[in-house]
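Undergrad: Task: produce atomic coordinates for the following.
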Amino acid sequence: MKKFIIFLLLLSSSTLFAQKNKASKDTTTTFEVSGSCEMCKMRIEEAAKGNGVKSAVWNVDSKMLTLVYDPSVTTSYKVHDRIADVGHDTRLIKAATATYNGLADCCRYRDNAQTEEEDGNADMEVNGVVVEQDEKGNLKPLQGASIIIAGTSGGISTNENGFFTITVTGKTNIVVSYADYQSKSIEVNAGQHVNIMLNTKKELQEVKITARKRASFISPTSAIRTLVMTEKELFKAACCNLSESFETNASVDVSYSDGVTGSKQIQLLGLSGIYSQLNVENLPGPRGIATLWGLNYIPGTWVESIQLSKGVGSVANGFESITGQINVELKKPETAEQLYANAYVNNMGKTDLNLNLAKKINDKWSTGLLLHNAFMNNPNVDFNKDGFRDIPTGNLFSALNRWNYNNSKTVEGQFGVRMLIDNKVGGETMFESGKHRLTTDYYGLGIDTRRFDAFAKVGYVFPGKSYKSFGVQLSAFSHTQDSYFGQTVYDAKQTNFYSNLIYQSIIGNTNHKFRTGLSFVADKYDELFRNTNYKRNENVGGAFFEYTYSYLKKLDIILGIRGDHNSLYGFFVTPRFHLRYQPAEKTTIRLAFGKGQRTANILAENSSVLVSSRQVNIPTAVAGKAYGLNQEVAWSTGITLDQKFRLFNRNGSIGLDYYRTSFSNQAVVDFDRSVQQVNFYNLDGKSYSNSFLAELSYEPFDKFEVRLAYRLFDVQTTYSGTLLERPFVSKHRGFANLAYETGSWKFDYTITVNGTKRIPSTAGNPQQYQLPETSPAFTLMNAQVTKTFGKKRPFDLYVGGENLTNFYQKQVIIAPDQPFGPNFDASMIWGPISGSMFYTGIRFKIK
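TA: Model (predicted):
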């Protein structure tokens, strides 16, 4: 006992000594920070706080900030940077003009002339730091280093912290020089921040961009947790269309909808992709009749980036999102390459040809033309030898022409038109549509789709008030699908009009922001299925209000509410809440809660009912209800934690998220009641989804990124009075993605381990047509290698493989030998329906 007490005394003494010694190393400095009032004082002092900062006191009269900090933990430059980020100039860094303009009137400290001049130059600056490296590897700032624009005589010098800011025009070269060091010309872009390191051996080392842009990342400042997938992430796989863009993503599952149509669907939070709202540049994407094929309709080469958020989204984007939102940003004519060409072919015979063109007409106008053609002519892809094609043949062609107007001051607008023609033929390998359509000679399917879209967006920013603006969003489409599945005809047509008016401003200062607006959606449906016609006109008009409170960079609270009137279902209210809290510099916690509501399009969203001999039971038509069903209504709750860290001097992050989705009503699709039937009905009981995801990202060495993830689902629905696991959902999933770059080579590898899935009961079938109750677990691997050739006109050559384990479902179709018999069913899909696939392609760009 005495030894233990002595040990505690020694430990306490050493701790006190360490704290005293550490305190003695604290540094005190003072520097000027621009500001005007007590509100400024609170903002500046709060922004200065952070790891290693002991105290920060700003004097309103002298404008001087007294800072006490531990130099072993942080630097004064980091404090300068944080203060400038909230709108206050320091002696080292000027605040961005847009941030400064968002300050309350009482906080303004610049004169109008200075502000107007900076408005024109804010996006034309390059800033950075010039340092030297001593023999011990320590970095020290170089004061007085010369920075000039190549070909000019004027320039600037770095300050005592090695910091500089220079005004440039677009992409240009700057020359960095210092006495007794070698000069070098460096290409930079306006708005870029660079670190330039010179060593003591008189060799100018390579310029290193601070914060190299990752292929995918969580937006750090968004109150709604949003995963941004850049073009770099999409290049990790062939990504012929949007459905293939999530192969390297841990949150989204991609699987086939059935065994014959070739359509792919996504799962988010354990639920079908129909509960995720798909937007294209914040306008409604393929929906309604197009839901089944919507992801296939957006070519991967058209995509600039994808933003994925889980749970409910903003009320400004509508009321339909339940499990998440996917927003696709397409190539913009004002920023896209002048020419981008891509050709792809795989060993099964599928070929994709893509051409993007962009032209800047003048300072205000630019236009782009995006073309995509995909075709498959090989009818003999049949891995399991059941006599049915694994992939339909046919051709898909789409074209998009878009225009952008920007007067660089207050008005920006864009509009565009798109057309899509898609023809598919599937079924038995011997089926020929010209001979066997709607006969019993061979089972076949044909899908002929025509789609036309138009959109327009106009935004106006009030002069001198960047926080105040309004915008109008408009879109319309016509979608026609004529199809047959065996002897079943399904024809559908939908026309849609969408409008959204948004006004946003502040209340007093930029800590209190709001946006409000009106929206209107009109849908007209006409469906013919098994000689029954389903028609409806559904119009929804609504209004929304969303308030955002921001406290520096630590806290954001979003309170949103919208009210809508549906011409079929009446008035309903959609409340939503989001919170982002940053208790420490590298720690972010988010909460989300809200309601989502949608009308189920049960025929278009469930291709499985089209490729089966099951009797389809739909409730007796009720006036004012689609298919006699109520709207689907769900409540979503989510909590997430994102933690950044440094290990062995390398960056990493950990992400944890948990979401629960509870339905108060759902359009239940029941395959369990009878093997001869599929029943649709309103939920009578519980239906919920619990989703947990843990993800680790780390860069063990330069340009080698590792992502590891584990996901757990608990998804249950009440079927005919019994609570059961939702079918075809893997409870456990492991994921790993490795990406490495070296010189002109890129290597990408992805592996997923999928747990078992429940299969609907087939006990009522004859013995030879019965399936096990659960699927086996299986592993999938994809890999790609990319090589860049040339410097002046570089192009990429890529080769890759999918499903390298060659795992595929052996019994894709029940009773394929009797396609017109009572047991035929191509809906029981739990895994890949084809084996290994290998591809190659080439990309060429002219910037």
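
Undergrad: Next, the contact list for A290, please.
TA: Shown in contact with A290 (C-beta atoms under 8 Å, 6 or more residues apart in numbering): Y297, R451, H479, Q494, A604. (Each C-beta comes from the backbone N, C-alpha and C, glycine too.)

Undergrad: for the stretch 201-350 of the chain, what spans make up the strands?
TA: With DSSP state E, counting those that start in this stretch applied, the stretch 201-350 of the chain shows strands at 208-209, 216-218, 226-230, 252-256, 264-268, 271-272, 276-280, 283-284, 303-310, 324-330, 339-346, listed in chain order.

Undergrad: The residue lying closest to Y658 once chain neighbours are set aside - how many residues pack around it?
TA: Closest residue in space to Y658, ignoring its immediate chain neighbours: F692 at 5.0 Å, by C-beta to C-beta, 6 or more residues apart in numbering. By other C-beta atoms under 10 Å, 14 other residues sit near F692.

Undergrad: quick one: average confidence on stretch 143-162?
TA: Averaging pLDDT along stretch 143-162 gives 76.

Undergrad: If you could redo that for stretch 730-747, that was the one I meant.
TA: 94.

Undergrad: Likewise for stretch 322-332?
TA: Stretch 322-332 comes out at a mean pLDDT of 93.

Undergrad: Tell me which residue lies nearest the centroid of this protein.
TA: Computing the C-alpha centroid of the chain and ranking residues by C-alpha atoms, centre = their mean puts Q307 first, at 2.2 Å.

Undergrad: Identify the residues contacting that one.
TA: Residues in contact with Q307 (C-beta under 8 Å, 6+ apart) are S219, T226, L227, V228, M229, Q325, I326, N327, E329.

Undergrad: So the first one sits against T226, correct?
TA: I take that to be S219. Yes: taking C-beta atoms under 8 Å as the contact criterion, S219 and T226 are neighbours in contact, 4.5 Å apart.

Undergrad: more neighbours, the two?
TA: Here S219 and T226 are compared on neighbour count by other C-beta under 10 Å; more neighbours surround T226, at 19 against 13.

Undergrad: tell me which residues form a beta bridge with that one?
TA: S309 (DSSP bridges).

Undergrad: Name every strand pairing with the helix or strand that G446 is a member of and say which way it goes.
TA: Of the helices and strands defined by DSSP states H and E, G446 is found in strand 444-461. On the basis of DSSP bridges, the sheet neighbours of strand 444-461 come out as strand 411-427 (antiparallel), strand 469-485 (antiparallel).

Undergrad: how about it as PDB, C-alpha atoms only?
TA: Presented in PDB, the C-alpha positions along strand 444-461 are these (Å, rounded to 0.1, in the frame of the first residue of the first chain):
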ATOM      1  CA  GLY A 444     -38.800 -12.300 -74.600                       C
ATOM      2  CA  LEU A 445     -39.000  -8.700 -73.500                       C
ATOM      3  CA  GLY A 446     -38.800  -5.400 -75.300                       C
ATOM      4  CA  ILE A 447     -38.500  -2.000 -73.800                       C
ATOM      5  CA  ASP A 448     -38.800   1.100 -76.100                       C
ATOM      6  CA  THR A 449     -38.300   4.400 -74.300                       C
ATOM      7  CA  ARG A 450     -38.500   8.000 -75.500                       C
ATOM      8  CA  ARG A 451     -37.700  10.900 -73.100                       C
ATOM      9  CA  PHE A 452     -37.400  14.600 -73.600                       C
ATOM     10  CA  ASP A 453     -36.400  17.100 -70.900                       C
ATOM     11  CA  ALA A 454     -36.000  20.900 -70.700                       C
ATOM     12  CA  PHE A 455     -34.800  23.000 -67.800                       C
ATOM     13  CA  ALA A 456     -34.000  26.600 -66.900                       C
ATOM     14  CA  LYS A 457     -32.600  28.400 -63.800                       C
ATOM     15  CA  VAL A 458     -32.200  32.100 -63.200                       C
ATOM     16  CA  GLY A 459     -30.500  33.600 -60.100                       C
ATOM     17  CA  TYR A 460     -30.200  37.300 -59.000                       C
ATOM     18  CA  VAL A 461     -27.800  38.500 -56.300                       C
END
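
Undergrad: got the angle for that strand vs strand 276-280?
TA: With axes from the mean of the first three to the mean of the last three C-alpha atoms, to 10 degrees defining the directions, strand 444-461 sits at 70 degrees from strand 276-280.

Undergrad: And for T449, nearest residue in space, chain neighbours not counted?
TA: Leaving out its chain neighbours, the residue that sits closest to T449 by C-beta to C-beta, 6+ apart is D422, at 4.1 Å.

Undergrad: Quick check: the gap between that neighbour and G259.
TA: Summarising the geometry, the distance separating D422 from G259, computed by C-beta to C-beta, to the nearest Å, is 20 Å.

Undergrad: More neighbours: which of these two?
TA: Under the criterion of other C-beta under 10 Å, the comparison of D422 against G259 puts G259 first, with 27 against 19.

Undergrad: ok, now how distant is the more buried one from T28?
TA: When C-beta to C-beta is the yardstick, G259 and T28 sit 72 Å from each other.

Undergrad: With V280 instead?
TA: For V280, the distance to T28 under the criterion C-beta to C-beta works out to 54 Å.

Undergrad: Of these two, give the one with the bigger neighbour count.
TA: Counted by other C-beta under 10 Å, V280 and T28 do not tie: V280 has more neighbours, with 23 against 10.

Undergrad: Can you read off the pLDDT for the more buried one?
TA: The predicted local confidence for V280 comes out at a pLDDT of 93.

Undergrad: I298 is in contact with that one, correct?
TA: Yes: look at V280 against I298 with C-beta under 8 Å: they come within range, at 7.1 Å.

Undergrad: Name the residues contacting each of the two.
TA: With contacts taken as C-beta under 8 Å, 6+ apart, the residues that reach both V280 and I298 are V328.

Undergrad: so what does whichever strand or helix holds Y688 touch, helix or strand wise?
TA: Remark: Y688 resides in strand 687-701, with elements defined by DSSP H and E. Counting by 3 or more C-beta pairs under 8 Å, 6 or more residues apart in numbering; DSSP states H and E, the packing neighbours recorded for strand 687-701 are strand 650-665, strand 704-719.

Undergrad: Can you list the neighbours in contact with the helix or strand following the first one?
TA: What it means is strand 650-665. Under the assignment DSSP H and E, the closest C-terminal helix or strand after strand 650-665 is strand 667-670. Where contact means C-beta under 8 Å, 6+ apart, the residues beyond strand 667-670 that reach it are 600, 602, 606, 609, 627, 629-630, 632, 678-683, 687, 717-720.

Undergrad: Can you say which of the contacts of A290 are buried?
TA: If you count burial by 16 or more other C-beta atoms under 10 Å, the buried members of the contacts of A290 come out as Y297, R451, H479, Q494, A604.

Undergrad: so what's the last one up against?
TA: Shown in contact with A604 (C-beta under 8 Å, 6+ apart): G288, I289, A290, T291, L292, A492, E527.

Undergrad: switch the cut-off to 10 Å
TA: A604 makes contacts with 274, 287-294, 479, 481, 490, 492, 494, 525, 527, 529, 610, as judged by C-beta atoms under 10 Å, 6 or more residues apart in numbering.

Undergrad: For it, pull up the helix or strand it's in.
TA: Under DSSP H and E, no helix or strand contains A604.

Undergrad: Check the gap between it and D422 for me.
TA: A604 is 14 Å from D422, by C-beta to C-beta.

Undergrad: List the buried residues for stretch 386-403?
TA: When neighbours are counted by 16+ other C-beta under 10 Å, the buried residues of stretch 386-403 are found to be 386-394, 396, 398, 400-403.
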